[in-house]
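Engineer: sequence below, structure please.
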Amino acid sequence: MAFAFFEQRLKYLEDNIAKAQKLRSEYEEQFDLSEDPRTRAKAEINIKQLQKSANRYYKEFEELQQQLKNQEQQVVQSENQRLAKIEGGLRVLMSGQIAILGRLDQTQQVLLSHYNSTQRKIVVEITKQLNQNQLQFTQI
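Structural biologist: Numbers count the residues shown, from 1 in each chain. Here you go, the predicted structure:
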């Protein structure tokens, strides 16, 4: 995925920034300790080049971090939208189940109204044990 690329590239840039800073420190030490003008001039040139390189790496590092952040935000937003759709679907299902249960209660009451009190007790016990398919068959 793109995240793996970003993370790998960020790690690479971090390493290069650290290496450039370490090498720059070494050249600065060489510049400070040397009395030879050529050695000092070379060290100064190398210090400037390493600073430019470190700055480029750091700039790219910051840009990649921002891109990664933007991409993560897009993924989160997309997932939030998907979750909202799923939640809407679940609400529809729940309201449908509530309606079905209401109709089942009504059907049970209609059936029970056709029997006397003794028969009702028997029918109530039987209908409690019926599964959904058997109950639909009984309704038909």
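Engineer: how deep is L23 tucked in, by neighbour count?
Structural biologist: 16 (other C-beta atoms under 10 Å). C-beta coordinates here come from the backbone N, C-alpha and C atoms, glycine included.
Engineer: next one: L111
Structural biologist: Neighbour tally, L111, other C-beta under 10 Å: 15.
Engineer: could you do Y57 as well?
Structural biologist: Y57 - counted by other C-beta under 10 Å - has 20 other residues nearby.
Engineer: give me the element it is part of.
Structural biologist: helix 37-113 (DSSP states H and E).
Engineer: okay, angle between the next helix or strand after that helix and helix 37-113 too, please.
Structural biologist: Using DSSP H and E, the next helix or strand after helix 37-113 towards the C-terminus is helix 117-129. On the basis of axes from the mean of the first three to the mean of the last three C-alpha atoms, to 10 degrees, helix 117-129 is oriented at 160 degrees to helix 37-113.
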